[in-house]
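*Asks:* Attaching a predicted model along with its sequence, questions to come.
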Amino acid sequence: MKTRTSKPVVIQVPKELVKQAEGLFAWVTDKQGNVIEKTPLKGAQVQLKTEGQVFHGQGSLYIAPEFPESARRKKVTEKMLQKAGAYQPALKLLEGYILDLKRIPDLSRFLFRLCNITGTVTKAFTIDGITRVLPVCNVRVHICEVDPIWFILPRIPDIEIIDIRDRLRDVIIHERIPVPFPWPWPDPPGPDPIGPVVRFARQMNARSLKTEQQELRALSLPVLDDQVISGISSSSLEVVRQTLHTHFFELRPYLCLFPRRWPFLYRCDEIAVVTPDCNGRFEHLFFYREGGDHPDIYVWVEANIGGSWETVYKPSKACATRWNYACGTDINVRITDQRVSPCECSPMPGQAVWMKRVNDGVSIRNIRQNSAGSGHLSNAIGLTTYGSTGLFISPFGASFPLVVQFGSGLPGGGATHYRWSYRQIRDAFLNNVSDAFKPLTSGVSKGYTYERINSEGDTVFYTGSFELGPFPSPNGPVYRIPHSEASDDVPAEPTAEWNQDTYSIGVSSTGLNDVLYEFLFELLDSNGNVVPLDKDIFLVNKKDSELSNPPDAPTITAFGRPENYLLLNGSNKAIGFRFVMRIDNNACFADIHNALVDGAETQTLCGFGQYLNKATSQVTLRFLAGHPHDFAHYSFSVVKGNGNAAGPTNTSGYATQANDGYSVSGDEFSKGVPVADMLGACDKAAFAENLYLWATHTNGNTRLQGYDAGDTAAFAIEPKLPTLEQ
């Protein structure tokens, strides 16, 4: 029988703190930093399951609210509690293992924000004698959060502080060369916040000491002021520690020169291991405390080579960490390891069609399928989001492919071919119209990669293409469903592999009207007859709003969703997948009208206007900015002389939106600005007006800048001279 050596701890909450403790929990961690208990603080006495002996130099206690749902899917650790700002009371256990909780600090800042960490993994391959950058997906991307020096500074041993001080003093004051970097180092090493140091380090092994010293002096390293140099050279270790803490970002390029010291300067905790998709893209949602340390992100990559996972990309943490990572921006990893092959995604199992994207950037699920408004638009049906705004204000234009992925069970079940059709369902002003479906008939081929051994015994990659259609059938043009294994369709090349994504049709929207279209995808037999299949055969991505879904479910069935995409027959079988898209290829328009000074138009030829009284006169600024269907964002600015402010004249917003004191009639914006505000200390001045409109259109991959518009103008104002009669 186990001998009881202690008893559970009881937290005693003072009467005046009981209400404040509502919603808080006691979190107990072991010496490894794992959470071993979480108990709500309810009432004046809270008994823990954890025995008192655990706290004798082995465990810790924290007081904190519950973590958000997105964070609870992760394993909460002691480090997460510390970073979240949890309160750690002093563990002075009274007789009977009672902890008297003297105070509870304000934990209202225990708020979290989500950071979407995204990126791509690519490699340059020589294919058909041409170097091409292709996605890599058969790898594991390790995402780490780096704690800068101030998080671990108190725990760095004195002897290491002395060594860091002496090394920095050698470089900063005496310009002595540090020990060369260990090479090889993957190219590129990631972000280049200190590019001159990296470029210099690449050359160090091949240069003489004299040349190295000359180049070190020529490096564009940050110039440190005397206070920093004095602090980092101090004989006081506390002064050195404080200088490292206060001037970390200034000293970072110098610290990058000492790889052997990096373990003492940076702590890196792995937060996720992700696998890129067929386009080499990866992402991970990470939460951090609002108002706390912004995430600093570092990634490294390993690939399965010969049956074992080996590191193929691991730059230095000191030089390749994304400090204060801008959430949502791509971390682009370029692998150079010769053992890494192009992307060869495994097929989805069974009979399935994943309706994926428009081009490479817009998920089908990110196209608004109802008539709800968004931003400045009262009806955003058929639109997708514009940039990082989250507003559904972007129509589709130019040319784009519709991308799907077929499961390994297709062709099968009688379905061997497919067809895309389209019809107009509303006009340019979203009035309902009647139209019949018409087939899309652009030529489609699916590319594949295959291997050959050249005369020198090296493996060389080549490409080929397999025609999908269109082919004639008794019921119109049809397209072949490719097998999941490329070699089944291209038996002459047994090593053939292709990306499992299929660019199933190309759409040239410039040949369509600027209206709302419905697109229909159907599975067919070889004669072009529709093959009814189980309704769960179609899959679509999750929406951002559905992030609470299980993380192991990357796709969901289309049937039963609010945007019920499926076309069903009388037997409740799927006979098609449909969705709407707004097509628009209209350009924006922009025109700066002549300014009015005291109601009189400035001269078009010379551009001068005359005011009567500086204190009471007014300049009316006018410009035309818009788009036929309001798919635009404008910016208007006025500068005085050589780039000086010209009073409250600048404005910006979406088409039809008047801001900053401007009014709008139709698409013409205007505002009266006091002459005194525009002139400031001047009695006369020249002004430059700049107007630019950004079209919100997309081809599913990039914004269509060709639909932008802009205008520039200039005018000058001066006092009106008195006439002879005056």
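*Replies:* Received it, and whenever you're ready, just let me know what you need. Residues are numbered from 1 along each chain as shown.

*Asks:* how close does the nearest residue to Asn499 once chain neighbours are set aside get to Ser316?
*Replies:* Of all residues not flanking Asn499 in the chain, Cys278 sits nearest, at 5.1 Å (CB to CB, 6 or more residues apart in numbering). Just so you know, the C-beta spots here come from the backbone N, C-alpha and C atoms, and that holds for glycine as well. Cys278 sits 30 Å away from Ser316, going by CB to CB, to the nearest Å.

*Asks:* and what of Thr616?
*Replies:* 65 Å.

*Asks:* who has more neighbours, those two?
*Replies:* Neighbours per residue (other CB atoms under 10 Å) separate Thr616 from Ser316, with Ser316 holding more: 19 against 11.

*Asks:* Quick check, pLDDT for the more buried one.
*Replies:* For Ser316, the model assigns a pLDDT of 73.

*Asks:* domains for the protein, by residue range?
*Replies:* 8-109, 114-147+268-335, 149-265, 353-582, 589-719 (automatic domain parsing).

*Asks:* Now do the buried residues in the helix or strand where Val121 lies.
*Replies:* Using DSSP states H and E, Val121 falls within strand 112-127. Buried residues in strand 112-127, counted by 16 or more other CB atoms under 10 Å: 115, 117-123, 125, 127.

*Asks:* so what secondary structure elements neighbour that strand?
*Replies:* helix 69-72, strand 130-135, strand 139-147, strand 281-289, strand 297-305, strand 330-335, strand 459-469 (3 or more CB pairs under 8 Å, 6 or more residues apart in numbering; DSSP states H and E).

*Asks:* List the buried residues for the longest one?
*Replies:* The neighbour-count criterion (16+ other CB under 10 Å) identifies 460-461, 464, 466, 468-469 as the buried residues of strand 459-469.

*Asks:* just to revisit the earlier point, surely the residue nearest to Asn499 is within a helix?
*Replies:* No: read with DSSP: H, G, I helix; E, B strand; the rest coil, Cys278 is coil and lies in no helix.

*Asks:* rewinding a little: okay, angle between the strand holding Val121 and strand 459-469 too, please.
*Replies:* Put simply, strand 112-127 runs at 100 degrees to strand 459-469, going by axes from the mean of the first three to the mean of the last three CA atoms, to 10 degrees.

*Asks:* could you dump strand 112-127 to PDB, C-alpha only?
*Replies:* C-alpha atoms of strand 112-127 as PDB (Å, rounded to 0.1, in the frame of the first residue of the first chain):
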ATOM      1  CA  PHE A 112      -5.600  36.500 -26.900                       C
ATOM      2  CA  ARG A 113      -5.100  37.100 -30.600                       C
ATOM      3  CA  LEU A 114      -4.700  34.500 -33.300                       C
ATOM      4  CA  CYS A 115      -1.700  34.700 -35.600                       C
ATOM      5  CA  ASN A 116      -1.900  32.800 -38.900                       C
ATOM      6  CA  ILE A 117       1.600  31.600 -39.800                       C
ATOM      7  CA  THR A 118       1.800  30.900 -43.500                       C
ATOM      8  CA  GLY A 119       4.400  30.100 -46.100                       C
ATOM      9  CA  THR A 120       5.600  28.000 -49.000                       C
ATOM     10  CA  VAL A 121       8.300  25.500 -49.500                       C
ATOM     11  CA  THR A 122      10.000  25.400 -52.900                       C
ATOM     12  CA  LYS A 123      13.100  24.300 -54.700                       C
ATOM     13  CA  ALA A 124      14.700  25.100 -58.000                       C
ATOM     14  CA  PHE A 125      14.700  22.000 -60.300                       C
ATOM     15  CA  THR A 126      16.300  21.700 -63.700                       C
ATOM     16  CA  ILE A 127      13.600  20.200 -65.900                       C
END
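
*Asks:* Once you drop chain neighbours, what's closest to Pro40?
*Replies:* Phe25 (5.4 Å).

*Asks:* For the host helix or strand of the one you found, which strands pair with it and how are they oriented?
*Replies:* Here Phe25, judged by DSSP H and E, is contained in strand 24-29. Paired strands of strand 24-29, with direction, are strand 35-40 (antiparallel), strand 60-65 (antiparallel) (DSSP bridges).

*Asks:* Could I get the buried residue list for the first one?
*Replies:* Buried residues in strand 35-40, defined by neighbour count with 16+ other CB under 10 Å: 35, 37.

*Asks:* chain center to the following helix or strand past it: distance?
*Replies:* Per DSSP H and E, the first helix or strand lying C-terminal to strand 35-40 is strand 45-51. Centroid separation for strand 45-51 versus its chain: 43 Å, with CA atoms, centre = their mean, to the nearest Å.

*Asks:* Grab the most central residue of the protein for me.
*Replies:* Geometric centre of the chain, nearest residue: Gly328, 1.8 Å, by CA atoms, centre = their mean.

*Asks:* Skipping adjacent residues, who's closest to it in space?
*Replies:* According to CB to CB, 6+ apart, the nearest residue to Gly328 is Asn116 (5.1 Å).

*Asks:* For Pro89, see how far away Phe392 is.
*Replies:* Distance from Phe392 to Pro89, by CB to CB: 48 Å.

*Asks:* and the helix or strand encompassing Cys319, what other elements does it pack with?
*Replies:* Cys319 belongs to helix 317-320 when assigned by DSSP H and E. On a contact count with 3+ CB pairs under 8 Å, 6+ apart, helix 317-320 meets helix 262-265.

*Asks:* After the helix it packs on, which helix or strand is next?
*Replies:* Next along from helix 262-265, by DSSP H and E: strand 267-274.

*Asks:* sorry, back to before: for the strand holding Phe25, which outside residues touch it?
*Replies:* Here strand 24-29 makes contact (CB atoms under 8 Å, 6 or more residues apart in numbering) with 11, 35-41, 46, 48, 50, 54, 59-66, 76-78, 81, 86, 104, 107.

*Asks:* And for stretch 48-62?
*Replies:* By CB under 8 Å, 6+ apart, stretch 48-62 touches 5-11, 26-31, 36-37, 39, 78, 81-82, 86-89, 91, 93, 97, 99.

*Asks:* What ranges does the stretch 151-300 of the chain have for its helices?
*Replies:* With DSSP state H, counting those that start in this stretch, the ranges of helices along the stretch 151-300 of the chain come out as 158-172, 195-204, 209-218, 226-232, 237-246, 248-255, 262-265.

*Asks:* Output the fourth one as CSV - backbone C-alpha positions only.
*Replies:* Put plainly, it is helix 226-232. Provided in CSV are the C-alpha atoms of helix 226-232 (Å, rounded to 0.1, in the frame of the first residue of the first chain):
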residue,chain,number,x,y,z
ASP,A,226,29.1,55.6,-27.1
GLN,A,227,26.6,54.6,-24.4
VAL,A,228,26.0,51.2,-25.9
ILE,A,229,29.7,50.6,-26.5
SER,A,230,30.4,51.6,-22.9
GLY,A,231,27.7,49.4,-21.5
ILE,A,232,28.6,46.3,-23.4
